[in-house]
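> for reference, the sequence and a predicted model appear below.
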Number of protein chains: 2
Amino acid sequence: MPSTDLIFSNRDEHLTWLREQSVLPPGFKVGTTTFDFTPQEALKPARMTLTLIALDEPSADFGAVFTQNAFPGAPVIIGRQRLDEPTMGALVINNKISNVCAPDGVATSEQICAATAETLKLKPGQVFPSSTGVIGWRLPAEAMIAALPAADLALQSESILPAAEGIVTTDLYPKVRSTQIGEGRIVGIAKGAGMIEPNLATMLVYVLTDIAIPRDVLRAELTLAVNESFNRISIDSDTSTSDTVAVVSSGQVEGVARSDFATGLRQVCRDLAEDVVRNGEGVRHVIRVFVQGAPDTTFATQLGRAVVNAPLFKCAIAGNDPNVGRLVQAIGRFVGNSAQPIDVSPMRLSIGGIEIFANGEFMLDPAKEVTLQSHLEAAQLYASQPTENGVFLPPVDYPTHERCVEIEINLGVGTAEAIVLGGDLTHEYVTENADYRS
Amino acid sequence: MPSTDLIFSNRDEHLTWLREQSVLPPGFKVGTTTFDFTPQEALKPARMTLTLIALDEPSADFGAVFTQNAFPGAPVIIGRQRLDEPTMGALVINNKISNVCAPDGVATSEQICAATAETLKLKPGQVFPSSTGVIGWRLPAEAMIAALPAADLALQSESILPAAEGIVTTDLYPKVRSTQIGEGRIVGIAKGAGMIEPNLATMLVYVLTDIAIPRDVLRAELTLAVNESFNRISIDSDTSTSDTVAVVSSGQVEGVARSDFATGLRQVCRDLAEDVVRNGEGVRHVIRVFVQGAPDTTFATQLGRAVVNAPLFKCAIAGNDPNVGRLVQAIGRFVGNSAQPIDVSPMRLSIGGIEIFANGEFMLDPAKEVTLQSHLEAAQLYASQPTENGVFLPPVDYPTHERCVEIEINLGVGTAEAIVLGGDLTHEYVTENADYRS
């Protein structure tokens, strides 16, 4: 369940709220710079933003989790090695090119790390790289290294917002969430709009805290928090080659209980995960599937994913069409193909709190259809309207509200449950992805 | 690989070809009738076509395979029972409502069978029901029974084309394929445009033959043929609750070798499967994925499905964008999540015969990109163009050609291979499914 229930009526309201969220905990600096270059594989020039997140002092207390894609990007390969380093001093992040399966990708990424280390007076092993964007292209190493002094010059210790703005690609707006725990603070930012699926996606998430937490505890809590937040969302079932969630502590605030830190970390991760879905490519409705009565948590989670990934159901939601048949189809497909067959006869379904299926049969009438349709309309983020030539672009660049299409599936065969978030399938998604080259 | 390479420049050419394909083998009659009614769950009236396929004499030699969805439609539940009956005398098929999880669905479907039996002077157990369309609604039993005499009156033994036209829902055109084997003949029809995925989809397929084949042999060969045709296609990864492939022999032509019959049956099934994809909802490009060098056939097939179901890759194909990164992402996601991890380093990829990836790296340059784009453009069935208000409708109602986007994935770790067909993800798909109620 969401920890907030915000409504924004324009971009400025959202920005004001973002600024409040963005206050950096002590011990961190953030700077960005933007430049143009021509990719070696392309005919047109492109624009890249380089983002630095630097610690005042290198910290031993950091952790990260990565994509499970079999073709991880070079920064992910390096990032996994960095987990064995004694300390981390900075993150260097670029958008536009993800440096995945590009010739000499690892060497290029290490070259960027070395240059960053030189700029910030660190060792290369203390610099943690991240890239997002086009797969297969080579990073413009020379241009990136030339841009480092400008990013260094921009470093400031007030706000994480420049980084939240610097790491985006097709995102409509920056995503920042924070929480205060006693004297300590946790602030996180997320990039992610497409290729969003369980097991991480082209989603880059950085969480900074001043709360002193030993490395092992930090990593254990990160895994738990990611598992019930970023691993429970799916926009299009595609899993990026670059997903990264990194957390680092400047260790300046002692005495916060582990359980309080864990609660705060989970809240920030859950809120950012929902932000990522709500800003998913073409998403006009966030769909929240609450599976109960499942034989185990894995079954509940996978069933939830199957529902939020079923294209026909996603299209029906986009059209504010309470097409309950497509929901049952998606559940039946998952159960029918499952290695763990269950008895479906006790299943009960509701949408927006209204029961539509029980005892193996639908419970439908024209009045109920009208009520269901109202629930879908209330959860819509904006009305779809094509511009000229049938191009569909979102008319808003801020989240208008935090309402969801609420689906409840009670399987009635066990006690496990899971909440999975996903989006609808819209013309805006097709417009974005049938032409887009990030 | 396709058994034909047809090009049609207009609907009449296609229809002429369809008529040639549609000649009924001796021993069968086909009749249809269309009527209007108001569904109990809806506010607007609807139109239904009732199709009868009758044998001159009931036959023991029939078989069928069905959806694996855990919520099968009532006709599927009955159809499974009918497989134990000594003979089949007729099929009664309706579109518009699929009779899935509707109150008293099985009883209603049996009522239609009983009335059909009375009309055709058969026993109810000799009548095999099929329904496709909206899930959850009740069949209009009274209106259907009242329509039976008209369908009976329409029975003729010349052409299966009226049935191919009668069973469709959102299909753009009827689908008929046939082959002649000595004195014998196999003719099949297919309905199917959405919810098309492995393990069958809202796909209804009926194959008729006059070749005498014992029931057990017929069923064994049907399973084999379906496994390498209809179970190797996927339009949107959704699996319908109503999928049925039925085959029946009138047994009038003796002496055809089993192997010749099997070859003919497979060809008809493969051609119909490709027709179903080519006429898939919103499909502008048919994507053929040829996986080689796989550890086993299941792995090869599932990898092929993962590629044709990856939304970002499907969108790129729709836009004639050779976005090779999204192809590698889809493969990497499948392998990364697979219970059977393989070494991906020997993998080689090509599109349209042009190698794009080997030794863990892309091989790209601007000239190659232009060639790849031409391959995609040549495989496009029609140019996308919105009508007013951003509604996208296919401007053709016939298959313009049989070219595919050809993807070759050589994993280099084994000897197994599989071909999987799928479609792109287009504005036409969203237009069809964000508003459509079949």
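Structure's in. What do you need?

> low-confidence ranges in the stretch 151-300 of chain A?
Of all residues in the stretch 151-300 of chain A, those with pLDDT under 70 make up the ranges A:193-202, A:235-241.

> rerun at 90
A:168-172, A:190-205, A:227-245, A:273, A:276, A:279-282 (pLDDT under 90).

> can you confirm A:G188 is in a strand?
Yes. According to DSSP: H, G, I helix; E, B strand; the rest coil, A:G188 belongs to a strand.

> and what about the residue nearest to it when sequence neighbours are not counted, helix, strand or coil?
Once flanking residues are discounted, A:G188 sits nearest to A:V207: 3.9 Å by CB to CB, 6 or more residues apart in numbering or on different chains. Heads up, the C-betas are built off the backbone N, CA and C, glycines and all. Per three-state DSSP, the secondary structure class of A:V207 is strand.

> tell me how many other residues crowd A:V207.
26 (other CB atoms under 10 Å in any protein chain shown).

> find the nearest non-adjacent residue to A:S9, please.
Ranked by CB to CB, 6+ apart and with sequence neighbours excluded, the top spatial neighbour of A:S9 is A:T400, at 7.6 Å.

> strands of the stretch 301-438 of chain A, start to end?
Under the criterion DSSP state E, counting those that start in this stretch, the stretch 301-438 of chain A contains strands at A:348-351, A:354-358, A:361-362, A:405-410, A:416-423.

> what's the distance between the most centrally placed residue in chain A and chain B?
When CA atoms, centre = their mean is applied to chain A, the residue found nearest the centroid is A:V276 (4.2 Å). Using CB to the nearest CB, to the nearest Å, A:V276 is found at 16 Å from chain B.

> next: A:V176.
Distance, A:V176 to chain B, by CB to the nearest CB: 26 Å.

> got the contact list for A:I181?
With contact taken as CB atoms under 8 Å, 6 or more residues apart in numbering or on different chains, A:I181 is in contact with A:211, A:256, A:260-261, A:264.

> that one pairs with what?
For A:I181, the beta-bridge assignment (DSSP bridges) gives partners A:G184.

> hmm, back to that, now do the residue nearest to A:S9, the pLDDT please.
At A:T400, the model reports a pLDDT of 93.

> ok, so what distance separates A:R19 from chain B?
Separation of A:R19 from chain B (CB to the nearest CB) stands at 33 Å.

> and that residue, how many residues sit next to it?
13.

> go on, A:R403?
Neighbours around A:R403, by other CB under 10 Å: 17.

> residue numbers of the stretch 251-400 of chain A in contact with chain B?
With CB under 8 Å from any CB of the partner chain as the criterion, the stretch 251-400 of chain A meets chain B at residues A:309-313, A:315-316, A:318-319, A:321, A:323-326, A:328-337, A:341, A:344, A:357, A:360-362, A:364-366, A:369, A:384-386, A:389-390, A:392.

> could you list which of these belong to helices?
Here DSSP state H is the test, and these give A:311-313, A:315-316, A:318, A:324-326, A:328-337, A:366, A:369 as lying in helices.

> count of residues packed around the residue of the stretch 51-200 of chain A found nearest chain B?
Residue nearest to chain B within the stretch 51-200 of chain A: A:I135 (2.5 Å; CB to the nearest CB). Neighbour count of A:I135, defined by other CB under 10 Å: 28.

> with A:S345 instead?
The number of residues near A:S345, taken as other CB under 10 Å, comes to 10.

> and the next element down the chain from the host helix or strand of A:L15?
Using DSSP states H and E, A:L15 maps to helix A:11-21. Following helix A:11-21 in sequence order, the next helix or strand is strand A:28-37 (DSSP H and E).

> over the helix or strand that that next one is followed by, what's the mean pLDDT, rounded is fine.
Once the chain leaves strand A:28-37, the next helix or strand it forms, by DSSP H and E, is strand A:46-59. Regarding strand A:46-59, the rounded mean pLDDT is 96.

> just want the angle from strand A:46-59 to strand A:28-37.
Orientation of strand A:46-59 against strand A:28-37 (axes from the mean of the first three to the mean of the last three CA atoms, to 10 degrees) gives an angle of 160 degrees.

> list the pairing partners of strand A:46-59 within its sheet, with orientation.
According to DSSP bridges, strand A:46-59 forms sheet pairs with strand A:28-37 (antiparallel), strand A:88-94 (antiparallel).

> dump the ones you listed to a markdown table, plus mean neighbour count and mean pLDDT.
Listed next are the strands paired with strand A:46-59 as a markdown table, based on neighbours: other CB atoms under 10 Å in any protein chain shown; pLDDT from 0 to 100:
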| stretch | mean neighbour count | mean pLDDT |
| --- | --- | --- |
| strand A:28-37 | 19 | 97 |
| strand A:88-94 | 25 | 97 |
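
> out of the residues of the stretch 251-400 of chain A next to chain B, which are buried?
Buried residues within these, counting neighbours by 16 or more other CB atoms under 10 Å in any protein chain shown: A:309-313, A:315-316, A:318-319, A:321, A:323-326, A:328-337, A:344, A:357, A:362, A:364, A:369, A:384, A:386, A:390, A:392.

> return the residues in contact with the residue nearest to A:N433 when sequence neighbours are not counted.
With CB to CB, 6+ apart as the measure, B:C315 is the residue that lies nearest to A:N433, at 3.4 Å, once sequence neighbours are left out. Residues counted as contacts of B:C315 (CB under 8 Å, 6+ apart) are A:429-430, A:432-434, B:424-425.

> which pair in the residues you listed spans the largest distance?
Within those, A:E432 and B:D424 form the most distant pair, 14.8 Å apart (CB to CB).

> looking at these two, which is more packed in?
The residue with more neighbours, out of A:E432 and B:D424, is B:D424; 30 against 22, by other CB under 10 Å.

> next, that one: phi, psi?
phi -80, psi 180 (degrees, to the nearest 10).

> any idea how far A:V217 is from it?
47 Å (CB to CB, to the nearest Å).

> next one: A:R326
Separation of A:R326 from A:V217 (CB to CB) stands at 44 Å.

> just say which of the strands of the stretch 301-438 of chain A is most tucked in.
Highest mean neighbour count of the strands of the stretch 301-438 of chain A: strand A:416-423, a mean of 24 (counted as mean count of other CB atoms under 10 Å in any protein chain shown).

> quick one: the strands of the stretch 301-438 of chain A as a markdown table, columns for mean pLDDT and distance to A:Q40 too.
Listed next are the strands of the stretch 301-438 of chain A as a markdown table, based on pLDDT from 0 to 100; distance: least, CB to CB, whole Å:
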| stretch | mean pLDDT | distance to A:Q40 |
| --- | --- | --- |
| strand A:348-351 | 97 | 50 |
| strand A:354-358 | 95 | 54 |
| strand A:361-362 | 90 | 57 |
| strand A:405-410 | 98 | 44 |
| strand A:416-423 | 93 | 34 |
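
> nearest to A:C113, out of these?
The minimum distance between A:C113 and these falls on strand A:416-423, with 34.0 Å, by CB to CB.

> any weak-confidence spans in the stretch 1-150 of chain A?
A:1-5, A:39-44, A:65-72, A:98, A:100-102, A:132-137.

> pull up the residues of it that are close to chain B.
So the stretch 1-150 of chain A meets chain B at A:41-43, A:67-72, A:98, A:100-103, A:105, A:134-137 (CB under 8 Å from any CB).
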